[in-house]
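Peer 1: Provided below are the primary sequence and the corresponding predicted coordinates.
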Amino acid sequence: MPLAMISSAAPKPRKGAFTRDAVLREAMDLASVKGLEGLTIGTLSEALGLSKSGLFAHFGSKEELQLATVQAAQKVFNAEVFGPAVRAPKGLKRLCAVLDGWLDYVEQEIFRGGCFFASVSAEFDSREGPVREEILGCMDLWMETLARLVREAKESGELGRHADPEQLAFEFNALGMAGNSGFQLRRDPKSLVFARRAIRERLKTFAQPYARITI
């Protein structure tokens, strides 16, 4: 889940780019529900009412389609989670903004099947190949980013020196994934309330008395 931001000043896409964007939007939704293995040129053409030959003009194979879908989902995640968070001051407030934005992204059901990366990382965790490596790279960067944000909160003095960045990143990710799973499986918004509460309590363990936790 990379942190590279999407520029609002990017040049307007050509007509063909709009078509590709629409195709990838549907591909992300389908993959979040059916999995990347259920995403094929055939299923996508049927969902969009487009010819297979038209889709092959954009994606020459199922694997190429899968990779493009993962990359498109990275951009959506960046815009939804990191876009608002970078406006928060560096330190604990930015860490909270990223975590809060992640859970908002799940609750708003940006994708029909919930968190795209929760779905596809479970699907490909025991497989090999380029698609798994693409997903793994996204998840590694997400964990590294969470750990870096914890370190920045320590450097600002808002979190105590005993806060372990890698350990907390692992815990935050696990709690968010559990919230997403409960929300999707049970359609129960309390799952995300519990996830927020658990993350908040872990932060309180290390936060200085004056630090404000905003999740």
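Peer 2: On my side now, so go ahead. In this text the structure is predicted, and so the values were computed from the model without any measurement.

Peer 1: Residue 141: neighbour count?
Peer 2: Number of residues near residue 141 (other Cβ atoms under 10 Å) recorded here: 15. The C-beta positions use only the backbone N, C-alpha and C, and glycine is treated the same way.

Peer 1: and what of residue 51?
Peer 2: The tally of other residues near residue 51 (other Cβ under 10 Å) stands at 11.

Peer 1: Contact partners for the closest residue to it other than its chain neighbours?
Peer 2: Among residues not flanking residue 51 along the chain, residue 45 sits closest, at 6.3 Å (Cβ to Cβ, 6 or more residues apart in numbering). Contacts for residue 45 were tallied using Cβ atoms under 8 Å, 6 or more residues apart in numbering; they are 51-52, 54-55.

Peer 1: rerun at 7 Å
Peer 2: Residues in contact with residue 45 (Cβ atoms under 7 Å, 6 or more residues apart in numbering) are 51-52, 55.

Peer 1: Where does pLDDT dip in the chain?
Peer 2: Scanning the chain for pLDDT under 70 picks out 1-18.

Peer 1: quick one, longest helix in it?
Peer 2: helix 130-155 (DSSP state H).

Peer 1: how much space is there between the spatially most central residue of the chain and residue 104?
Peer 2: Taking Cα atoms, centre = their mean, the centroid of the chain lies closest to residue 77, which sits 4.6 Å from it. Look at residue 77 and residue 104: by Cβ to Cβ, to the nearest Å, they are 12 Å apart.

Peer 1: Over to residue 50?
Peer 2: With Cβ to Cβ as the criterion, residue 50 and residue 104 are 32 Å apart.

Peer 1: more crowded one of the two?
Peer 2: residue 50 (17 against 14).

Peer 1: how about the more buried one, phi and psi?
Peer 2: Main-chain torsions, residue 50, degrees, to the nearest 10: phi -110, psi 160.

Peer 1: circling back to that earlier point, now the longest helix of the chain, how far from the centre of its chain.
Peer 2: The chain centre lies 11 Å from the centre of helix 130-155; the measure is Cα atoms, centre = their mean, to the nearest Å.

Peer 1: go on, stretch 78-92?
Peer 2: Stretch 78-92 sits 13 Å away from the centroid of its parent chain (Cα atoms, centre = their mean).

Peer 1: Between the two ends of that stretch, how far is it?
Peer 2: Using Cα to Cα, to the nearest Å, the gap from the first to the last residue of stretch 78-92 comes to 19 Å.

Peer 1: can you map out the helices along this protein?
Peer 2: With DSSP H as the criterion, the chain has helices spanning 15-34, 41-48, 52-56, 62-77, 83-85, 92-107, 116-124, 130-155, 165-186, 190-206.

Peer 1: got the angle between the last one and helix 165-186?
Peer 2: Put plainly, it is helix 190-206. 160 degrees (axes from the mean of the first three to the mean of the last three Cα atoms, to 10 degrees).

Peer 1: before we move on, back to that, what separation is there between the residue nearest to residue 51 and residue 150?
Peer 2: Using Cβ to Cβ, residue 45 is found at 44 Å from residue 150.

Peer 1: Could you do residue 170 as well?
Peer 2: From residue 170 to residue 150 the distance is 11 Å (Cβ to Cβ).

Peer 1: okay, these two: which has more neighbours?
Peer 2: Each of residue 170 and residue 150 has its neighbours counted (other Cβ under 10 Å); residue 150 has more, 23 against 14.
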